[in-house]
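> Next comes the sequence, and after it the predicted model I'd like to discuss.
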Amino acid sequence: MMKTDTQNLDLVAVTTYLSDHLPGLDGPITASKFQQGQSNPTFLLQTPTKRLVLRRKPPGQLLKSAHAVDREFRVQSALANSDVPVAKMLHLCHDESVIGSMFYVMEHVDGRNFGFPHLPDVPVSERTAIMTEMNRVLAALHDIDIEQRALTDYGPPGNYFERQINRWSKQYRASETETIPAMDRLIAMLIEQIPADDGQRGLVHGDYRIDNMIFAQDNTDCLAVLDWELSTIGHPFADLAAVIMQWQMPVGAEGRGLEGADRKALGLPSDADFIAQYCDRRRLPQIENFGFYLSFCFFRMAAIIQGVRKRALSGNASNPERAAKIGAKVPLFAQRGVDALR
């Protein structure tokens with residue numbers, strides 16, 4: 001069984017199971033855990049001839065609808081051979097008795113992963129091209145024909161923001177550990193200002209950012225978009241605003257943002273330039289009331305990291321020390337959400 005610290009896998013169980021379900025898989029298998037990603041523990045599996053990735057639900061009592069690895073598997077399978085690059089899905093295991101929870105296995109994508117949007121380890125000459133590719137993939141995602149990809153039932157109909165605010169308010173209350181006045185204020189303000197449904201309905205990633213992407217080693221092509229746990233059918237402006245939200249956080253490990261950075265000197269687009277590129281690609285007019293979409297993203301991230309904080313306090317986090325640091329930022333995200341609305 002998987003240890004409840006989420007740091008180890010029962011490799012005997014994994015090897016036995018995968019040998020029966022993935023033809024041509026030869027052992028022995030070794031595993032190492034990726035440190036990034038707080039929600040679903042993720043492991044690199046290595047055999048003498050292959051590198052695979054196993055992503056699983058964490059053990060223990062979980063919030064309803066959270067950690068949906070089966071949804072991740074479904075949407076990435078549906079996006080195969082589309083303009084949105086994803087890893088090749090290999091197998092989904094519903095049987096929790098194998099390692100203690102549901103998991104799936106996909107091919108490992110060999111490429112570059114950038115932890116920070118200011119791209120400190122990338123030459124200035126490449127940074128603009130990488131951000132342009134990030135913009136291209138986002139627009140391609142929102143242009144996916146969900147009927148053609150059999151994803152029309154991947155999310156319920158109706159006003160996406162109304163649904164999401166209701167869902168994440170409940171998730172936040174379920175994981176609340178203390179009263180945060182800014183969060184209470186933000187929830188009330190968002191409910192009052194939900195825009196009318198404008199009919200835009202498509203596939204959204206839910207956590208679209210540079211560190212959830214793999215780029216080629218020798219060029220600036222995106223090879224895969226990762227971490228689809230929050231994906232659903234919804235409003236595309238939520239994904240666009242999520243990019244801008246991250247960029248408005250502090251630079252470096254604490255914020256992973258671009259706040260205060262000289263973007264022109266760094267070869268990076270301004271918020272307005274990135275939004276304009278996106279609108280041009282999708283042939284859209286200027287986006288009205290962008291502050292609401294931005295505020296919504298700060299709110300949802302605050303609710304998400306409150307769940308991370310709750311798991312850290314319960315001893316059920318994928319990376320407990322990092323989870324505690326992230327969870328402490330709930331008041332900051334909540335206040336940024338209030339500021340965006342104002």
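Looks like it came in fine. Numbering: from 1, shown residues only.

> What is the burial count for residue 108?
If you count neighbours by other Cβ atoms under 10 Å, residue 108 ends up with 17. Placement of C-beta: from N, CA and C, glycine included.

> same deal with residue 163?
17.

> swap in the one 3 residues further on?
In terms of burial, residue 166 registers 13 neighbours under the definition other Cβ under 10 Å.

> Can I take it that it is in a strand?
No. Under DSSP: H, G, I helix; E, B strand; the rest coil, residue 166 sits outside any strand and is assigned helix.

> Look up how far residue 31 lies from it.
39 Å (Cβ to Cβ, to the nearest Å).

> cool, and residue 338?
43 Å.

> Then residue 124?
From residue 124 to residue 31 the distance is 37 Å (Cβ to Cβ).

> who's more crowded, those two?
Each of residue 124 and residue 31 has its neighbours counted (other Cβ under 10 Å); residue 31 has more, 16 against 11.

> For that one, give its distance to residue 258.
Where residue 258 is concerned, residue 31 sits at a distance of 35 Å (Cβ to Cβ).

> And for residue 167?
For residue 167, the distance to residue 258 - Cβ to Cβ - is 29 Å.

> more crowded one of these two?
residue 258 (23 against 15).

> which ones are touching that one?
Residues counted as contacts of residue 258 (Cβ atoms under 8 Å, 6 or more residues apart in numbering) are 117-118, 247-249, 251, 268.

> Looking at these, spot the one nearest residue 107.
residue 117 (26.3 Å; Cβ to Cβ).

> so residue 249 sits right up against residue 259, yeah?
Yes. If you go by Cβ atoms under 8 Å, residue 249 and residue 259 touch, sitting 6.0 Å apart.

> Show me which of the two is the more surrounded one.
Counted by other Cβ under 10 Å, residue 249 and residue 259 do not tie: residue 249 has more neighbours, with 20 against 11.

> quick one: the nearest residue to that one once chain neighbours are set aside from residue 279, how far?
Distances taken as Cβ to Cβ, 6 or more residues apart in numbering put residue 257 closest to residue 249, at 3.0 Å, once the chain neighbours are dropped. Look at residue 257 and residue 279: by Cβ to Cβ, they are 22 Å apart.

> Neighbour count for those two, which is higher?
Remark: of residue 257 and residue 279, residue 257 carries more neighbours, 19 against 15, as counted by other Cβ under 10 Å.

> Wasn't the residue nearest to residue 249 part of a helix?
No. Applying three-state DSSP, one finds residue 257 to be coil, outside a helix.
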